[in-house]
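>>> got a predicted model here, sequence first, then my questions.
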Amino acid sequence: MDRPLDPAAVRTRSRRRLLLAAGGLLAGAVVLGFGPSLLRPSVERARIRTSLVDVGPLQAAINAAGRVLPEVEQLLTSPVDARVLKVRKRAGESVKARETIVELDLSQARLAVSGLDRDLALKRNEAERKRLALDSSLNDVEGRYASKELELDTRRARLERQRKLHAAGLVSVQELKEAELAEAQAAIELKQLEAQRRLVRAANVAELEGLALEVENLRERRSDAWRELERGGASAAADGVVTWTLSEEGATVRQGDPVARVADLSAFRVEGTVSDVNAPRVALGLPARVDVGELQLQGSVSAIDPTIRDGVMTFTVALEDKANPALRPNLRVDVFVLTEARARALRVERGPFATGGEMLPVFVVRGARAVRTQVRLGAASPTHLEVLAGLAEGDEVIVSDMSDYLHAKELRIR
């Protein structure tokens, strides 16, 4: 048979159960009371950067991507179809004016010049022979014309004599008529020879001018071929540095193909690219700032490409300090085109929090909390953003990248 339980043990067990139940209730109350705050996302203050909203001057600017380029760069192309014999200068090497960078096989170009020399000599000989033949033809016409003039003078004299004899009754009417017809026929033949002489002279001039044009055309073609032959060495026009060149010797290049680039690295410019949305705001002469790391260089918009390519507009910034040692070819830089200045504007410092667009959520610090707030931004300067709505002067805004917390309405700041 079971023995009756000790009353002391029963009391101890009952107290233990009561304590466990009370502990469970207390734990539930703590979870219900403090659970939401314990589960709320948090961020360490040391990991964020904040900015106070203030009122001050703001220089509106368009942010663009930029690339540093030499101010003067010469592109050398192949003047003829040729083969690369030797690359004398490689990228990065200095080159002097008229120094050969790429040597090309110009045997075909030399043959072309020789052929044009031969054609030019033949054409000049043809022109001289034609001139002699035309002079002979003209001399023949001139001789017949002079002879016909003498004949006409003779027949006119005879006619005058026949008229006098007829008046004296010494010749018949028939003889007088014959003299008149002979004089008239000679006059007609002289007019025909005069017209023929004019035509021969005009034809001679036209034919000689045509031959002279053919000779001049051949001479110009020969000069062009000779200039191409002289340029066949792909030599630099001025002192500089080779920035690119063909690397494969023996390669075949066509006429007009690039073979090398030579840049003057004593002066640079910046090529900027911006979305076509901002294209109407970019104008010639606007001041610009170029950020090369921590260095800030001043300049102005000197040229704008009128063609929009893939939604991007390209423009050029002329730098005031175009020879700064920090500038390097193809160096990526930030460009700010300054469009308008405002004396007083509600503003906040720029930072990664601004991901684009006028309306965006930001976190405003309220004591130990950061509350997500929708704000509207306006113009932007290289250092500040204009606040149009959602913030007030004195608000502390987290300007760090908060894209990982945009799902939360509120953050704890530890």
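Received the coordinates, thanks.
>>> so where's this protein shaky on pLDDT?
By pLDDT under 70, the weakly predicted segments of the chain are 1-16, 18-40, 105-109, 225, 227-234, 356-358.
>>> residues contacting stretch 129-145, please?
Leu190, Leu193, Glu194, Gln196, Arg197, Val200, Arg201, Ala203, Asn204, Glu207, Leu208, Leu211 (Cβ atoms under 8 Å, 6 or more residues apart in numbering). No exception for glycine: its C-beta is placed from N, CA and C like everyone else's.
>>> nearest spatial neighbour of the last one, skipping sequence neighbours?
Looking back up the chat, that one is Leu211. Using Cβ to Cβ, 6 or more residues apart in numbering and skipping residues adjacent in sequence, the residue nearest Leu211 is Ala127, 4.0 Å away.
>>> in which helix or strand does that neighbour reside?
helix 107-167 (DSSP states H and E).
>>> same check, this time on Ala179
Ala179 belongs to helix 173-230, assigned by DSSP H and E.
>>> what about Ala184, distance to Val173?
Using Cβ to Cβ, to the nearest Å, Ala184 is found at 16 Å from Val173.
>>> wait, Asp395 sits on Leu52?
Yes: at 7.2 Å, Asp395 counts as touching Leu52 under the criterion of Cβ atoms under 8 Å.
>>> tell me which of these two has more neighbours.
More neighbours surround Asp395 than the other of Asp395 and Leu52, with 21 against 12 (other Cβ atoms under 10 Å).
>>> got a list of what that one touches?
So Asp395 contacts Leu52, Val53, Val364 (Cβ under 8 Å, 6+ apart).
>>> for the closest residue to the first one other than its chain neighbours, grab phi and psi.
It refers to Leu52. Distances taken as Cβ to Cβ, 6+ apart place Glu396 nearest to Leu52, at 5.6 Å, with adjacent residues excluded. Torsion angles at Glu396 (phi, psi; degrees, to the nearest 10) stand at phi -100, psi 120.
>>> what count of nearby residues applies to Glu396?
16.
>>> same question, Phe268
Neighbours of Phe268 using other Cβ under 10 Å come to 25.
>>> switch to numbering from 103
Shifting the count to begin at 103 puts that one at Phe370.
>>> so it sits against Val174, correct?
No: Phe370 is not in contact with Val174 according to Cβ under 8 Å; the separation is 9.7 Å.
>>> and the helix or strand hosting Gly168, what's buried?
Gly168 belongs to strand 156-179 when assigned by DSSP H and E. For strand 156-179, the neighbour count (16 or more other Cβ atoms under 10 Å) marks 160-166, 168-175, 178 as buried.
>>> where's the nearest residue to Ala163 once chain neighbours are set aside, which helix or strand?
In this structure, Ala163 finds its nearest non-sequential neighbour in Phe438, 4.2 Å apart by Cβ to Cβ, 6+ apart. Using DSSP H and E, Phe438 falls within strand 434-451.
>>> what's the angle from that strand to strand 156-179?
Interaxial angle of strand 434-451 relative to strand 156-179 (axes from the mean of the first three to the mean of the last three Cα atoms, to 10 degrees): 170 degrees.
>>> quick one: the residue nearest in space to the middle of the chain from Val384, how far?
Nearest to the geometric centre of the chain sits Asp407, at 6.9 Å (Cα atoms, centre = their mean). According to Cβ to Cβ, Asp407 and Val384 sit 10 Å apart.
>>> common neighbours of these two, please.
Both Asp407 and Val384 are contacted by Met415, Phe417, under the criterion Cβ under 8 Å, 6+ apart.
>>> so who does the residue lying closest to Ser349 once chain neighbours are set aside touch?
Nearest non-adjacent residue to Ser349, counting by Cβ to Cβ, 6+ apart: Val189, 6.7 Å away. Val189 makes contact with Ile203, Val204, Glu205, Thr347, Leu348, Ser349, Glu351, according to Cβ under 8 Å, 6+ apart.
>>> greatest separation within those: which pair is it?
Glu205 and Ser349 (14.0 Å; Cβ to Cβ).
>>> of these two, which one has the most company?
Shown here are Glu205 and Ser349; by other Cβ under 10 Å, Glu205 has more neighbours (17 against 10).
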